[in-house]
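[1] Show me the folded form of this:
(2 chains)
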Amino acid sequence: MPFVQEILKHRSLSIVGLEKNTGKTVCLNYILRRLNELEVPVGVTSIGVDGEQVDSVFATAKPEVTLYEGTRFITSEQHYMKRQTVSVLEYVDSRRTALGPLVTARVLVRGKVLLSGAATTGVLRGQIGQLGNAGCKLAIVDGALSRLSLASPTVTDCMVLATGAAVSANLKQLVAKTRFLHSMICLDEVSPTLRESLGQVEQGLWGVDEEGVPHDLGIASVFLIGSAGGDLLRYGHTLFASGAVSDRLLKALTPLGKDITLVARDFTKLFITPEAYNDFTRKGNRLMMLQRSKLIAVTLNPTSPQGFLLDSRATCDALSEALQTPVYDVMKIEQ
Amino acid sequence: MRIKELIKGDAGFQHVVDNMELMSAAGRRKMLDTEFSTDAAWLDGEWNRLDEAIAAVREYKYKKPYIDLRHCLMCLHDLRGTLASLANHTPLNEVELFEVKNLAQLCRTAAGSIDGLGLTALLPLPNLDDVFALLDPDHTGIANFYIYDSYDPRLAPLRKELSALQIAGNDPERIAALLAEQNEIQSEVCVSLSDKLVPWTPTISEALEQMAYTDFLLAKAELAIAWNLTRPVLGEHIEYKSLINPRLKKRNESTGLRYQPVDITIGHGVTLITGANMAGKTVLLKSIGTAQCMVQCGFHAPAEKVETMLFDGVATSIGDDQDEMNGLSSYAAEIIKISDIVKRSRTEHLLVLIDEPARTTNPTEGKAIVQAVIGMMQQASSATLITTHYGQLGGDCRRLRVRGFVEDMSDMPLNPRNINLFIDYSLTEDSSGEVPHEALRIASILGCDKELIDKATGYVNK
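    The predicted structure follows:
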């Protein structure tokens, strides 16, 4: 069976979609079923709301999340009340969400549940730790909408990327969009020594000297970068952006010359278009990551909520070739 | 008035609240709901309880019962909503029943720790063992919860069948029917358990409130130790030895600046405080306001000696409330505040703290307003402290002057950053009616434009 053994080498997994309706939940159900067969104790939570019976944007039928005996899950009080399983409450968080407090429970008789979770990665990190302490070998975080932040290597150890016809019904566009995100996820990591010295930096844009020591460039926001110009390179050609990397930052750096290495924290901090990225790299500059996410697999949902259906085989082949990594049709692996 | 309202005032009480290391939301609520008390007997009792708590914290700070108790309080959830539902005979759901069970277990654990601290007589907790037993029919002893099979004989066979069908996965209609039936039975059990819990509602509430109070009292004890606070004595006047402004002291210590505590005695009537700029007059008013709020909310206070009397309230006009959005200028905002104070003082016994009244209007009328305020407050039963830069104000009120700038107080060369080393913040009686004229000298030390200072000096000497 594909990629489940690889997941087991990690403590936490996120499932993120390029778009809504790219088959994250089908993928999650597949992984949960396989892990149940392997008798691995798992915990499941989500960022935002997931597991609705009917998609709240397109009103299409959505698969529910099936949990097996012994699985721990975190969800909101209101969704807990709608569960179709028998389960024991183990913990109730004092923080409240719009759907009541978040509760942790253990499944006694398998069945379907609605997952909803914390809205911030800080709380999510705490929950992953909590599931680990309760004895879960693996904590799985299901994504909501097109949020990527949960896939940050500071939150989860590894990720599965879901793509599909919902991204674009045009095969070329689908491949291009998926390939770009995939290439961002796979950007090279900096050396462990540099990672250590930059890891302490909290905000702003920093110049890194030859010794690998960061110096604050005094630019708290990318909106203030305009007048700085070549002065940005006064400590050397390596720069570290501790927060978001946007097109605006790349466009400010591109004319400064070549051999600039811009280091971002991880791929979830990148808010850039392929055009700006290509302009930046064509000049001989490069983008690196402080920490790279471990991508386990790419899955494809060939159907879109508007009713398009892509040729599964041809799309998987085209994506596999473009990404140089196996791509699985979630509808087929689930069968 | 409660702490919730006091922290919005300008006396600086917010800083005290911010430094309370409370473990639970319920403890925080307990603190914010505490009244500014005028009941000497209640305050005396509260200070006694605080003394006992301080002794226990000093002895057990890093020992097991204390650490366990604080951890227990950290897990405390504020179940007031759930308990209100119960009191209204609204059935609780599974999550709420879990919360009640969890509280019953916390209460038992906390009672054990409190006993270990020797504080059982001070902080007695009710016994909720029967509540726990009701929610733990299988005697697991742990605070997990679901509608156990043993609550209803129909549940075990139903769940057995459900489990078999789910594993086989081939009869969705029967599964749906079984789930619906299970939900029905679970609801019935929730109703019956809630009915049985109703008579316990007052006892569960008492446990919650008592644990919240425990959290609040321990946080007060921690603060008293950390800030070296002193138990107040009630008397006929206000007398502080080495009074401290906790917020400023903290800031000065963190920036390496000196902090000088101040001695002050005040009685009924008006005390006028004069002194140069930067001499700490505003801080002094805030220190006295903060200390009085602490005293009357049952805290210890930040001075080596604390003697004070009880007031109906602390009325302040400190700082600049200019608010363009409300259409109020600095002067308008201030004069409305002062007018309120004057009105209140006709019927209430207040501690009144007014910082440089009428400083933002023309000196002729401004001075007249200050004189009128002094005159009226002399007649009131309140104790009033007014700081001012106006000299030769009439009336027979008491005057204190901040000693202020002393050139040879330090060997260091004087500069704008260390000016605080050259200011003596202590107070002295002053019968002259004059005010210090040091504004230009201080401006010059602060490095202000020389031409500006020379010109101004010229005008003064004219």
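[2] neighbours of residue B:45, just the number please.
    Neighbourhood size, residue B:45 [other Cβ atoms under 10 Å in any protein chain shown]: 12. C-beta: built from backbone N, CA, C; applies to glycine.
[3] Can you report phi and psi for residue 224?
    Just going to use chain A. Per-residue torsions, residue A:224: phi -100, psi 10 (degrees, to the nearest 10).
[4] Switch to chain B, please.
    phi -60, psi -40.
[5] now do residue B:268
    Note on residue B:268: backbone dihedrals following degrees, to the nearest 10 are phi -70, psi 170.
[6] residues contacting it?
    Applying Cβ atoms under 8 Å, 6 or more residues apart in numbering or on different chains, one finds that residue B:268 lies in contact with B:237, B:381, B:382, B:383.
[7] Mind listing residues that contact the lowest-mean-pLDDT helix or strand in chain B?
    When each helix and strand of chain B is scored by mean pLDDT, DSSP states H and E, helix B:439-445 comes last, with a mean of 82. The contact list for helix B:439-445 (Cβ under 8 Å, 6+ apart) reads B:276-278, B:405, B:414-416, B:419, B:450, B:452-453, B:456-457, B:460.
[8] In that helix, which residues are buried?
    Buried positions in helix B:439-445, judged by neighbour count with 16 or more other Cβ atoms under 10 Å in any protein chain shown: B:441, B:442, B:444, B:445.
[9] what about residue A:288, neighbour count?
    Using other Cβ under 10 Å, residue A:288 is surrounded by 17 other residues.
[10] you'd agree it is in a strand?
    Yes: applying DSSP: H, G, I helix; E, B strand; the rest coil, one finds residue A:288 inside a strand.
[11] can you pull the contacts of it?
    Residue A:288 neighbours (Cβ under 8 Å, 6+ apart): A:187, A:188, A:189, A:190, A:261, A:262, A:263, A:264.
[12] Give me the neighbour count for the last one.
    In other words, residue A:264. For residue A:264, the count of nearby residues is 24 (other Cβ under 10 Å).
[13] Quick check: it touching residue A:292?
    No: using Cβ atoms under 8 Å, residue A:264 is not in contact with residue A:292, being 10.6 Å away.
[14] Can you give me the neighbour number for the nearest residue to residue B:95 once chain neighbours are set aside?
    Nearest non-adjacent residue to residue B:95, counting by Cβ to Cβ, 6 or more residues apart in numbering or on different chains: residue A:77, 4.9 Å away. By the criterion of other Cβ under 10 Å, residue A:77 has 21 neighbours.
[15] confidence score at residue A:77?
    Reported pLDDT at residue A:77 in the predicted model: 91.
[16] That one touches residue A:105, doesn't it?
    No: counting by Cβ under 8 Å, residue A:77 stays clear of residue A:105, with 10.8 Å between them.
[17] which residues touch the closest residue to residue A:189 other than its chain neighbours?
    Closest residue in space to residue A:189, ignoring its immediate chain neighbours: residue A:292 at 4.5 Å, by Cβ to Cβ, 6+ apart. By Cβ under 8 Å, 6+ apart, the contact list for residue A:292 reads A:153, A:185, A:186, A:187, A:188, A:189, A:266, A:267.
[18] Then residue A:320?
    For residue A:320, the contact set (Cβ under 8 Å, 6+ apart) comprises A:326, A:327.
[19] Look up which helix or strand it falls in, please.
    Under the criterion of DSSP states H and E, residue A:320 resides in helix A:312-323.
[20] Going by distance to chain B, which of the contacts of residue A:292 wins?
    Taking Cβ to the nearest Cβ as the measure, residue A:153 is the one of the contacts of residue A:292 closest to chain B, at 29.9 Å.
[21] Name the SS class of the closest one, please.
    Taking three-state DSSP, the label given to residue A:153 is coil.
[22] check contacts around it.
    Residue A:153 is in contact with A:266, A:291, A:292, A:293, A:294, counting by Cβ under 8 Å, 6+ apart.
[23] Now do the nearest residue to residue A:177 once chain neighbours are set aside, the pLDDT please.
    Distance criterion Cβ to Cβ, 6+ apart; nearest residue to residue A:177, sequence neighbours excluded, is residue A:167 at 5.5 Å. The score at residue A:167 is 85. That number is its pLDDT.
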